[in-house]
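> just a sequence and a predicted model for now, questions to come.
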Amino acid sequence: MDIKRYVKVQLALNQMTMAQLADKMSDISGKVYTRDSLNGKFYRESLSVKELELIAKILDFTIEYKSKFV
């Protein structure tokens, strides 16, 4: 599952829209996010790790980083 689909599932589970997520991201980060800007980042695959971590915090999920060499 790609990250956009995963985030959309998490949005549904949290009964939140992409616009509401963008508003919360703007409030927390001080940067301006809109529904369209987030959709564009997902489409272009240009979402930063920091932005993804912020989304995870808002939607209450964790990101796990693993080394394939362990």
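Yep, that arrived.
> ok, and the closest non-adjacent residue to the residue sitting nearest the centre point of the chain?
Among the residues of the chain, the one closest to the centroid is Ile55, at 3.7 Å (Cα atoms, centre = their mean). Spatial nearest neighbour of Ile55, excluding adjacent residues (Cβ to Cβ, 6 or more residues apart in numbering): Val7 at 6.1 Å. Bear in mind the C-beta positions are built from the backbone N, C-alpha and C, glycine included.
> Leu21: how many residues sit nearby?
By other Cβ atoms under 10 Å, 21 other residues sit near Leu21.
> that one against Leu11, yeah?
Yes: using Cβ atoms under 8 Å as the test, Leu21 is close enough to Leu11 to be in contact (6.3 Å).
> okay, and the common contacts of those two?
When contacts are counted by Cβ atoms under 8 Å, 6 or more residues apart in numbering, Leu21 and Leu11 are jointly contacted by Leu59.
> what's the end-to-end length of stretch 21-38?
Using Cα to Cα, to the nearest Å, one end of stretch 21-38 lies 9 Å from the other.
> what about it, average pLDDT?
Averaging pLDDT along stretch 21-38 gives 98.
> mind listing what's buried in it?
Buried positions in stretch 21-38, judged by neighbour count with 16 or more other Cβ atoms under 10 Å: 21-22, 24-25, 33, 38.
> so how far is that stretch from its chain's centroid?
In terms of Cα atoms, centre = their mean, to the nearest Å, the centre of stretch 21-38 is set 10 Å apart from its chain centre.
> hmm, who's touching that stretch?
By Cβ under 8 Å, 6+ apart, the surrounding residues in contact with stretch 21-38 are 7, 11, 17-19, 51, 54-55, 57-59.
> coming back round to it: give me the number of residues near the residue nearest to Ile55?
Applying other Cβ under 10 Å, we find 20 residues neighbouring Val7.
> the helix or strand hosting it packs against which elements?
Applying DSSP states H and E as the criterion places Val7 in helix 3-13. Applying 3 or more Cβ pairs under 8 Å, 6 or more residues apart in numbering; DSSP states H and E, one finds that helix 3-13 contacts helix 18-29, helix 35-44, helix 49-59.
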